[in-house]
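Q: here are the coordinates; sequence isn't available:
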């Protein structure tokens, strides 16, 4: 813009109006953000408070930093500590992630790069299952796992990922693969790669951001899953964090040590939060970049 | 493209899982719903008896009414919030990624039991929410001992998680060509009017997608009410998914629970089909799609 330019009165008024509406937007956004985040901040603060202070102070900043709620909460009133419950959680979350990545990639590759009989029909079936209410299949699946004698194991939780039975991930990878140009595949085939070689050497590197997105989602969803363990896991020794927390709020005998429960709640949220903030870059990239550079 | 058999080989895991873990249980649920089955004795065929009993069961009918109420409150509120915030975020703002994160985090954590614990806590008689509204001279509200209050608590929990719908809206809004806004602004249209006459019609496919997704989810909601309010006062937050859970996994009435799950399923499909039927009237797909 030239220095000699003098804005007209109309333009000045418009600029002022724009500035006001911009400020208004920031005010609204910030207010909503505070409402969204405050409960979580308050939770963090409350974990350091005494039980008494929790019920008398609206502020999230505790009067002192005291880790006793963490120590007592971690040790629980049972013979297990939260170390067991966290280990239990990871012992089905990690296999779920690995199986999900492998099976979803293979199936997405099949759908994105090959022609086969009934492909259209099968693809619509895949899409339809994305909307299929899980509530209908829950009871027969329970009976099925009972017949296999696999109740109170993690197998019913893990098995669906072995068969790419979560269409969300397959669909996401198909969408991503479609954005990867096929000339790379063709060049690799000319160089003597077989179909699996194309996937392994050419497409997998390109798929990296999408696979990281899948990992994040699968981790968070599996870690947070409550209904699955509630139905299938019955013995305390195998409880994941979700069930252990539920158990702690159900204990009605004696005084409920809210600060301990809240401290453990915060620890339960921590893995997902850390992963999200650490991988946020990949999260956004997974959606935007095609992974093909130069 | 190439040899058909190779493609089938790659999708084989999904195909097997589809038959074993989706289609078979799906059909089996219908079969079980016509039987009396408690997991101990073999299922015995009893025709439509479960269904007849269901429609006389005031508990079940009550859960249907509650589920409907829950859905009618949460879905529009959640979508309205998501769209409104996405609309504001779509202006070129500084610190957009900070806000995007702040709004998305509740969706990310929402399913965790820890959030339910927190929620239960915030809404207690002497909890944070009552103390907060007390500053403005309101309340205290007995959230958990009044039917309306309990419903409000679980609705608020769901609406709080509008982040993922918002991200989907935000992506759609980014695709609306900027020239359209400029043209509207030159023609003297206000921002609000532009929003309703240009933005909304252009993103109707996304609104439709979010609407269907949220409806299907809301009809099956379990965690929120189960963990935060339980059945609630006068069973006001006893939703159908909880009724199914109780009958199947507490009382082991597998036949009865399966029948209930099929009724819920048919309702969800019916609502979805009605939405699809009205699609032509209000959803505008650009020429490239559909």
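A: Looks like it came in fine. Just so it is clear, the structure is predicted and the values come from calculations on it, not from any experiment.
Q: flag every buried residue along the strand or helix carrying residue B:260.
A: Following DSSP states H and E, one finds residue B:260 within helix B:254-282. Using 16 or more other CB atoms under 10 Å in any protein chain shown as the test for burial, helix B:254-282 gives B:254-265, B:267-268, B:271-272, B:279. Yep, even glycine has a C-beta here, placed from its N, CA and C like the rest.
Q: what's the mean pLDDT across the host helix or strand of residue A:171?
A: Assigned by DSSP H and E, residue A:171 falls within helix A:167-178. For helix A:167-178, the mean pLDDT works out to 88.
Q: can you point out the buried residues in that helix?
A: A:167, A:169, A:170, A:171, A:172, A:173, A:174, A:176, A:177.
Q: which of these come close to chain B?
A: Subset of the buried residues of helix A:167-178 in contact with chain B: residue A:170, counting by CB under 8 Å from any CB of the partner chain.
Q: between the buried residues of helix A:167-178, which sits nearest chain B?
A: Among the buried residues of helix A:167-178, residue A:170 lies closest to chain B (CB to the nearest CB), at 6.7 Å.
Q: distance of the nearest residue in space to residue B:48 that is not next to it in sequence from residue A:135?
A: Nearest residue to residue B:48, sequence neighbours excluded (CB to CB, 6 or more residues apart in numbering or on different chains): residue B:34, at 7.2 Å. Per CB to CB, to the nearest Å, residue B:34 is found 18 Å from residue A:135.
Q: neighbour count for those two, which is higher?
A: Higher neighbour count among residue B:34 and residue A:135: residue A:135, with 24 against 20, using other CB atoms under 10 Å in any protein chain shown.
Q: wouldn't the more buried one be in contact with residue B:244 here?
A: Yes: with contact defined as CB atoms under 8 Å, residue A:135 reaches residue B:244; the gap is 6.4 Å.
Q: identify the contacts common to these two.
A: B:261, B:264 (CB atoms under 8 Å, 6 or more residues apart in numbering or on different chains).
Q: residue 63: which element?
A: With no chain named, the answer covers chain A. Here residue A:63 is assigned to no helix or strand, by DSSP H and E.
Q: actually chain B
A: helix B:58-89.
Q: ok, then the element right after that helix?
A: helix B:96-109.
Q: same for the helix holding residue B:63, what does it pack against?
A: helix A:9-46, helix B:96-109, helix B:147-159, helix B:163-174, helix B:204-219, helix B:240-245, helix B:254-282 (3 or more CB pairs under 8 Å, 6 or more residues apart in numbering or on different chains; DSSP states H and E).
Q: how many residues are close by residue 97?
A: All of this is about chain A. The burial count for residue A:97: 18, using other CB under 10 Å.
Q: switch to chain B, that's the one I care about
A: Residue B:97: 11 neighbours (other CB under 10 Å).
Q: residues contacting residue A:46?
A: A:54, A:60, A:62, A:258, A:259, A:262.
Q: look at the second one and report its pLDDT.
A: pLDDT for residue A:60: 73.
Q: hmm, it is touching residue A:39, no?
A: No: applying CB under 8 Å as the test, residue A:60 and residue A:39 come out as separate, 9.4 Å apart.
Q: ramachandran coordinates for the closest residue to chain B within the stretch 101-250 of chain A?
A: Ranked by CB to the nearest CB, the top residue of the stretch 101-250 of chain A for proximity to chain B is residue A:163, at 2.3 Å. Taking degrees, to the nearest 10, you get phi -100, psi 20 for the backbone angles of residue A:163.
Q: got it, and residue B:162?
A: Dihedral angles (degrees, to the nearest 10) for residue B:162: phi -80, psi 0.
Q: so what's it scoring on pLDDT?
A: The predicted local confidence for residue B:162 is 89.
Q: return the residues in contact with residue A:225.
A: Taking CB under 8 Å, 6+ apart as the test, what residue A:225 contacts is A:157, A:242, B:111.
Q: about what we covered before: and the helix or strand following the helix holding residue A:171 with helix A:167-178, angle?
A: Next along the chain after helix A:167-178, taking DSSP H and E as the criterion, comes helix A:183-190. Angle, helix A:183-190 to helix A:167-178, by axes from the mean of the first three to the mean of the last three CA atoms, to 10 degrees: 80 degrees.
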